[in-house]
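K.L.:
next come a sequence and a model predicted from it.
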Amino acid sequence: MEGGDHDDSPAWDGDSLDTNEFIITLRLRAPNLDITEVKASITQAAVGETIPIRVLLENNGNTHATDIEIILCEYPDAGDADTENEIKKNGCEEDRIVMRQVIGALLAPDASEESKSIELYLLYPVSAGSHGVYVVVDPLNEIVETSERDNVQAVSTPLESENPFLDVAGEVVGKTALPFAVILLTFALLGVVYLVGKGRRDDVNNRLAEQSSLISVLGSDEN
């Protein structure tokens, strides 16, 4: 206050009195990981191939970070704000993680720098259809940072297989065709077993008939 500090006790209130307050500033040491750029060089590839995704990751905190895990998550929609917020809040579902990589360390900037950055490429394995891909740093929040809000960034465009609709249809047909083929094979094997058994029974019956005929002939000769 102009002319002096304010005291909480009215009895000590006055322009020439001081509260003995001393303001200090604490500078905590912590890294801050920030995904500044995510870009896919191509957006389509055959199922089973990979698409390289360029990621620029920087540390603008005041200490280094080690054992930095970075993952790719696959969702139905690309660049969806609700999906991105859900990932920031609860992380990626385990079955949506398609790639993991660990970075050994990222140093803190020195006095002449605002940040330290590294460039890396993550390989996205292409699956049938069209998908949104999200890059997530430190998904388990094991690194204490000054801010956790800049650890997720989406690839701006969907990543697709070469023929999204046909590839998905082929995948569905393949999944249903396999059980059907197993059923057909089972019936075929049962048919073979039946025919083999029938052949053996017929052979036994023929031998019994031959033996009966021979016994009848021998009986007639004795008479």
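P.N.:
Yes, it's here. Numbers count the residues shown, from 1 in each chain.
K.L.:
all helices for the chain, in order.
P.N.:
81-90, 164-222 (DSSP state H).
K.L.:
domains for this structure, by residue range?
P.N.:
Segmentation of the chain into domains, based on automatic domain parsing, reads 33-162, 163-216.
K.L.:
what's the spacing between Ile24 and Ile35?
P.N.:
For Ile24, the distance to Ile35 under the criterion C-beta to C-beta, to the nearest Å works out to 34 Å. C-betas here are computed from N, CA, C, even on glycine.
K.L.:
what do you get for Leu122?
P.N.:
Taking C-beta to C-beta as the criterion, Leu122 is separated from Ile35 by 11 Å.
K.L.:
lowest-confidence stretch among the helices of the chain?
P.N.:
For the helices of the chain, the stretch scoring lowest in mean pLDDT is helix 164-222; its value is a mean of 63.
K.L.:
the nearest residue to Ala45 once chain neighbours are set aside: neighbour count?
P.N.:
Distances taken as C-beta to C-beta, 6 or more residues apart in numbering place Val126 nearest to Ala45, at 4.7 Å, with adjacent residues excluded. Using other C-beta atoms under 10 Å, Val126 is surrounded by 21 other residues.
K.L.:
can you check Glu148 too?
P.N.:
Using other C-beta under 10 Å, Glu148 has 15 other residues around it.
K.L.:
go on, Gly104?
P.N.:
7.
K.L.:
ok so, going back, contacts only, for the residue nearest to Ala45.
P.N.:
Val126 sits next to Ala45, Ala46, Val47, Gly48, Glu49, Thr50, Ile51, Leu159, Glu160, Ser161 when contact means C-beta atoms under 8 Å, 6 or more residues apart in numbering.
K.L.:
how much space between the second one and Ile53?
P.N.:
Here Ala46 is placed at a distance of 17 Å from Ile53 (C-beta to C-beta).
K.L.:
and for Glu114?
P.N.:
Between Glu114 and Ile53 the distance, using C-beta to C-beta, works out to 25 Å.
K.L.:
higher neighbour count, the two?
P.N.:
In this comparison of Glu114 against Ile53, neighbours counted by other C-beta under 10 Å, the higher total goes to Ile53 at 21 against 8.
K.L.:
beta partners for that one?
P.N.:
Legend: beta-bridge partners of Ile53 under DSSP bridges are Ala40, Leu122.
K.L.:
isn't Gly48 up against Ala128?
P.N.:
No - with contact defined as C-beta atoms under 8 Å, Gly48 and Ala128 do not form a contacting pair (9.7 Å).
K.L.:
if you count what's nearby, which of these two comes out ahead?
P.N.:
With other C-beta under 10 Å as the criterion, Gly48 and Ala128 differ in neighbour count, and Ala128 comes out ahead with 21 against 10.
K.L.:
wait, the more buried one sits on Ser161?
P.N.:
Yes - here Ala128 lies in contact with Ser161, judged by C-beta under 8 Å, at a distance of 5.2 Å.
K.L.:
separation between the residue nearest to Val102 when sequence neighbours are not counted and Val126?
P.N.:
Counting by C-beta to C-beta, 6+ apart, Glu69 is the residue found nearest to Val102 once chain neighbours are left out, at 5.4 Å. Computed as C-beta to C-beta, the Glu69 to Val126 distance reads 23 Å.
K.L.:
cool, Val55 as well?
P.N.:
As judged by C-beta to C-beta, Val55 and Val126 stand 18 Å apart.
K.L.:
next one: Gln101
P.N.:
From Gln101 over to Val126 the distance is 17 Å, taken as C-beta to C-beta.
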